[in-house]
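sequence and predicted model, in that order:
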Amino acid sequence: MNYLTRRAVLFTVIAFVLAVAAWGALMVWQRTQAPAAPPAEEAASTSTPPVVETIPPESQGMATSSLGLTIPAGFRIAVFAEKMDAPRDLTLDERGTVLVSDSGAGSVLALPDANGDGRADEVVSIVSGLNRPHGIVQVCRPECYLYVAEQNALRRYAYDLETRRVSDPAVLAELPAGGRHVTRSLLYLTPPEGDRLLLSIGSSCDVCEEEDVRRATVQEVNLQTGELTPYATGLRNSVFLAQHPVTGDIWATEMGRDGLGDDLPPDEVNILTEDRNYGWPICYGKNIHDEEFDDNIYIRNPCQEPTEAASRLDLGAHVAPLGLAFVPEEGWPEAWWHNLLVAEHGTTQADVRRGYRIARVPLDPHGNQAGEPVDFIGGFLPDPDGDPIGRPVDLLIFPGGTLYVSDDNAGVVYRLTRG
């Protein structure tokens, strides 16, 4: 092939390549061009409305019960006992009978379920004529006693496990009565902290300097003499206490003050350490100084560690946290083991209604937060502008997937079961 022939072939190949490239570029350009929009009238008639998928509660792990409450899918909830005035604190006697304080009726009630059908056979009054009873504890050491915290006194009764009758009433300690917070709560510490009784006494006001040093504290009660010793201070209203099953730490719910708006201060969960102060009335949450109440000038933040202990968990403002319980391992979903359940009683103090649910807070086995709070039982306030159908108070949880919930608005105790 001579020189001219080779050049002709080369030019032919180059021309072919350029033609192919130009054709490909044209196809790409055409694919990238958006079609012209139709006129407005045509767009209105031919456009497809957006697809909005309504996901039923069951597919999100929740289901709506026949009571109108939303519960975890795979669980059931029913009324265990009813026709009470204001059931509050729940405990179990050493024979397995559920006991509940009825603050409205001034009594302590037994809810036996002898036939095991998941509903109380009857509501039996054990003690009556009390002054706003709240905290109750039944222990045998080896003598069996029932301790009842009224707003003005801690009482002790001899308790017969067979008949569930009390005798030999005694005032173990006189308590400050009246004021804004009248509930007095109890926690009996299990071994190795055994034979110790803690008593929570709320503040007399929303925010103030207390004259009675027993106010806004958790006290330890000497079970022989009734003497009170400060265990933790600076706690505006720690209505319920619970002991962590792994660490043994004492956890307490805490209601923050009013008057700082809808979003402050957070309600709290604290881990109580003996002889620590938790900040009220001048601090809240994660060592935040309440300058609205305390306008003094300090060289350093008066709320910082180690002077004041920070909250363990900050909840929403004005959710009014009450009873708390830790999810056992046996019989409960593994993903929930050691999670914290908190009964948010709800409040009308804020413009936006808050709480009215039982929240589940993901925790690791040592009590470290592993996620944000989520609904565990909801539906207590179906209409944000209407009346609640219930307000959860205390939680009594057991292995095997069983949870009892007191409701002082509906006057009932619920029983949640798995399966």
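Structure received.

drop to CA atoms for contacts and neighbour counts, all remaining ones
OK.

OK, contacts around Pro321?
Shown in contact with Pro321 (CA atoms under 8 Å, 6 or more residues apart in numbering): 253-255, 267-268, 342-346.

pLDDT weak spots in this protein?
The model of the chain has pLDDT under 70 over residues 1-60, 349-350.

please report the distance of the residue minimising distance to the centre of the chain from Leu395.
Nearest to the geometric centre of the chain sits Val342, at 1.7 Å (CA atoms, centre = their mean). In this view, Val342 and Leu395 are 8 Å apart by CA to CA, to the nearest Å.

okay, and the beta partners of the residue nearest to the centre of the chain?
Leu324, Ala359 (DSSP bridges).

about what we covered before: redo the contacts of Pro321 as a markdown table? Include distance to Ser200.
Putting the contacts of Pro321 into a markdown table (distance: CA to CA, whole Å) gives the following:
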| residue | distance to Ser200 |
| --- | --- |
| Thr253 | 11 |
| Glu254 | 11 |
| Met255 | 13 |
| Asp267 | 17 |
| Glu268 | 15 |
| Val342 | 18 |
| Ala343 | 17 |
| Glu344 | 18 |
| His345 | 18 |
| Gly346 | 20 |
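
can you give me how far stretch 286-296 is from the chain middle?
26 Å (CA atoms, centre = their mean, to the nearest Å).

I misspoke; the intended subject was stretch 222-238.
The answer for stretch 222-238 is 24 Å, by CA atoms, centre = their mean.

ends of that stretch, how far apart?
For stretch 222-238, the first-to-last residue distance is 20 Å (CA to CA).

what does stretch 225-243 give?
Using CA to CA, one end of stretch 225-243 lies 24 Å from the other.

what do you get for stretch 105-120?
Stretch 105-120: ends 19 Å apart by CA to CA.

count the residues that sit near Tyr414.
Residues near Tyr414, counting by other CA atoms under 10 Å, number 21.

what does stretch 125-132 contact?
102-110, 150-152, 164-166, 182-183.

what helix or strand is Ser101 on?
strand 98-102 (DSSP states H and E).

can you tell me the strand partners of that strand and which way each runs?
strand 87-92 (antiparallel), strand 107-111 (antiparallel).

and for the longest one, what's in contact with it?
Spelled out, it's strand 87-92. Contacts for strand 87-92 (CA under 8 Å, 6+ apart): 98-104, 134-138, 393-396, 406-408, 411-413.

tell me the domain ranges of this protein?
1-31, 60-418 (automatic domain parsing).

need the winner for burial among those domains.
Highest mean neighbour count of the domains of the chain: domain 60-418, a mean of 19 (counted as mean count of other CA atoms under 10 Å).

that domain: how far from the chain's middle?
On the basis of CA atoms, centre = their mean, domain 60-418 sits 9 Å off its chain's mean C-alpha point.

mutual contacts of Val342 and Leu395, please.
323-325.

closest to Gly118 among those residues?
Closest to Gly118 out of the shared contacts of Val342 and Leu395 is Ala325 (20.4 Å), distances taken as CA to CA.

ok, for that closest one, nearest residue in space, not its chain neighbours?
Leu341 (5.2 Å; CA to CA, 6 or more residues apart in numbering).

quick one: the one you found and Arg357 touch, right?
No: contact criterion CA atoms under 8 Å: Leu341 and Arg357 do not qualify, at 10.2 Å.

okay, and the common contacts of the two?
Shared contacts of Leu341 and Arg357, counting by CA under 8 Å, 6+ apart, come down to Phe376.

any idea how far Pro169 is from Arg353?
For Pro169 relative to Arg353 (CA to CA), the value is 42 Å.

and if you look at Pro265?
The gap separating Pro265 from Arg353 is 15 Å, by CA to CA.

where does Leu146 fall, helix, sheet strand or coil?
strand (DSSP: H, G, I helix; E, B strand; the rest coil).

who touches it in this structure?
Taking CA under 8 Å, 6+ apart, we find Leu146 in contact with 136-139, 156-159, 166.

what is the nearest of those to His318?
Using CA to CA, Ile136 comes nearest to His318 of these, at 25.7 Å.

for the closest residue to the closest one other than its chain neighbours, what are its contacts?
Once flanking residues are discounted, Ile136 sits nearest to Val148: 4.7 Å by CA to CA, 6+ apart. By CA under 8 Å, 6+ apart, the contact list for Val148 reads 133-137, 154-156.

adjacent strands (with direction) for the longest strand seen in the chain?
With secondary structure taken from DSSP state E, the chain has its longest strand at strand 165-174. Partners of strand 165-174 in the sheet, by DSSP bridges, are strand 153-160 (antiparallel).

and the contacts of the strand it pairs with?
With CA under 8 Å, 6+ apart as the test, strand 153-160 has contacts from 138, 143-149, 165-176.

next one: stretch 216-235
Contacts of stretch 216-235 (CA under 8 Å, 6+ apart): 172-173, 195-204, 214, 236-238, 254, 272-281.

same question for stretch 332-347.
Here stretch 332-347 has contacts from 318-329, 353-365, 367, 376, 391-395, 399-401, 418, using CA under 8 Å, 6+ apart.

distance between the ends of that stretch?
For stretch 332-347, the end-to-end distance is 30 Å (CA to CA).

which residue ranges form the helices in the stretch 151-300 of the chain?
With DSSP state H, counting those that start in this stretch as the definition, the stretch 151-300 of the chain shows no helices.

thanks a lot, catch you later.
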